[in-house]
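Colleague: Here you go, sequence then predicted model.
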Amino acid sequence: MPLSALARGARLAALPLGFAGRSAVRAGKLLAGQPAELLTEELQRRTSRHLFRVLGELKGGAMKFGQMLSVFEAALPAEAMGPYRAALTLLQEAAPALPAEQVHRVLAAELGPDWRTAFQSFEDEPAAAASIGQVHRAIWGDGRPVAVKIQYPGAGEALLGDYANLGRAVKVCSVIAPGLDVQPMLDELRERVAEELDYRREAAAQQAFAEAYRGSGEVVVPDVVAATERVLVTEWLDGTPLSRVVRDGAPAERDAAGLAYVRFLLSGPSRAGYLHADVHPGNFRMLPDGRLGAIDFGAVKELPDGFPPAMGRLVRLALAEDWEGARAVLVREGFLRPDARLDEDVLRAFLTPIAEPARAERHRFSREWLRAQVANAAGAHRTALLRSLNLPPSYVLVNRVVGSAVAVLAQLDCTLPFRAELLRWLPDGADAPDTA
């Protein structure tokens, strides 16, 4: 992993330069009479491979940004899906690994020079490599199989530096998903850097989830065994990665996985006091008995009182098509200025992605449906909405999680009793006034 800000900045700067060069080559081939459709597909494929290879190799904030983008693969237009899907989903579970000698140095610094005595065995080959750390399989001293998560040396500096340079990738991202505004996602990631670098904080959140779902029969969260600032040891969790269900699952498997996934994300705040905020498929497993396994709690939001009541109220108002009532709630919560006047088509476009799937008893989440929502949000009403819309700080992470989770459900192509789950876990907000 390149550590110097200069080296990392140069790699990120190469993204728009590379795209510009490929575009120039494409233009020349067009003038020479080669088919436009084939050249566009080639440009998309090469851009995709370059973008996500660089993001993965840099790890840190660059890879985390790529993982966030990967869940929106389902929103890509049909003609772009083939070239991009493999490159986008690659970042959900895999990345280049840290050499064993560096792993040993981190373990010695965090657990002491005799760190090996804590384990019966330790596998030097990582089981998974992610954005700011990688995971090794081991056997703890008491015989339990454990996952040992080790933070990359220099990950903190890399994470902070990347967010100053990732703006260079934003224009390239617009080639992947036109209409998807990635700048707010980048801003929100930057604000949460320090939280994800302290594995002790992650350990506290993970243990809260483990205790909240213990014996639930629906969700399994591994218990924490040990934690320092840069090393986290948890019980090992086997299972089929959700990303594999996305790729190969039968319809019944997709439906079961989608329901378990939705129920976990919606129930987290009321059961554990936290919202799991890193919702890409690589962080979830389907166990043989049908339970959902959840891992990686570095990105969470504390919601000790559950979801904000306004969320449930907005869903119910949208289902009733009470757009004036919805506008009043948006004003009261700080989404809209009091003098903002938006017609019901604009409000419908804003609220549809979460409310429309709850109109029927069961809803099918699909790539076609999601693309239609993205196209609608990016249409004629988008300018009016963006001029008036403000996202209050307390809702930034919640909004991103909702959007990302809906994209994952579309990847799963699953049919769910979404309305029942939404109304079960979101507060109805009936006690909140509907006027600003």
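Modeller: Structure's in. What do you need? Residues are numbered from 1 along each chain as shown.
Colleague: Pull the residues that contact stretch 244-260.
Modeller: Stretch 244-260 is contacted from outside by 89, 218-219, 242, 281, 286, 290-292, 365, 408-409, 411-417, 421, using Cβ atoms under 8 Å, 6 or more residues apart in numbering. Glycine gets a C-beta too; all of them are placed from N, C-alpha and C.
Colleague: Out of these, which end up buried?
Modeller: Buried by 16 or more other Cβ atoms under 10 Å: 89, 219, 242, 281, 286, 291-292, 365, 408-409, 411-417, 421, out of the contacts of stretch 244-260.
Colleague: and the end-to-end length of stretch 317-336?
Modeller: In stretch 317-336, first residue to last residue: 16 Å (Cα to Cα, to the nearest Å).
Colleague: Give the full set of residues in contact with H276.
Modeller: By Cβ under 8 Å, 6+ apart, the residues touching H276 are F209, F264, L265, G268, N283, A294, F297, A299, V300, V401.
Colleague: swap in E321?
Modeller: Residues in contact with E321 (Cβ under 8 Å, 6+ apart) are E344.
Colleague: which of the contacts of H276 tops the neighbour count?
Modeller: Most neighbours among these, by other Cβ atoms under 10 Å: F297, with 29 neighbours.
Colleague: Look up the pLDDT of that residue for me, please.
Modeller: With respect to pLDDT, F297 has a value of 94.
Colleague: ok so, going back, what's the closest of the contacts of H276 to A129?
Modeller: Using Cβ to Cβ, N283 is the member of the contacts of H276 that lies nearest A129, at 13.9 Å.
Colleague: That closest one touches A299, doesn't it?
Modeller: No. Contact criterion Cβ atoms under 8 Å: N283 and A299 do not qualify, at 9.3 Å.
Colleague: circling back: now, which of the contacts of stretch 244-260 lie within strands?
Modeller: Among those, the ones falling in strands (DSSP state E) are V219, M286, L292, T415, L416.
Colleague: Can you give me the neighbour number for the closest residue to the fourth one other than its chain neighbours?
Modeller: By the measure of Cβ to Cβ, 6 or more residues apart in numbering, the closest residue to T415 outside its immediate chain neighbours is R364, 4.4 Å from it. The number of residues packed near R364 is 17, by other Cβ under 10 Å.
Colleague: Kindly report the same for the one 10 residues further on.
Modeller: Applying other Cβ under 10 Å, we find 20 other residues in the vicinity of V374.
Colleague: Kindly provide the distance from it to A407.
Modeller: Counting by Cβ to Cβ, to the nearest Å, the gap from V374 to A407 is 9 Å.
Colleague: and which of the ones in strands among the contacts of stretch 244-260 is nearest W323?
Modeller: W323 lies nearest to L416 out of the ones in strands among the contacts of stretch 244-260, by Cβ to Cβ, at 25.8 Å.
Colleague: Wait, the closest one touches L409, no?
Modeller: Yes. At 7.3 Å, L416 counts as touching L409 under the criterion of Cβ under 8 Å.
Colleague: what's near enough to touch R419?
Modeller: By Cβ under 8 Å, 6+ apart, the residues touching R419 are P357, A358, R359, A360, E361, H363.
Colleague: need those residues in TSV with secondary structure, can you?
Modeller: Shown next, in TSV, are those (DSSP: H, G, I helix; E, B strand; the rest coil):
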residue	secondary structure
P357	helix
A358	helix
R359	coil
A360	coil
E361	coil
H363	strand
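Colleague: Buried among these? Need that as a selection in ChimeraX.
Modeller: Per 16+ other Cβ under 10 Å, the buried members of the contacts of R419 correspond to this ChimeraX selection:
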select :357,358,363
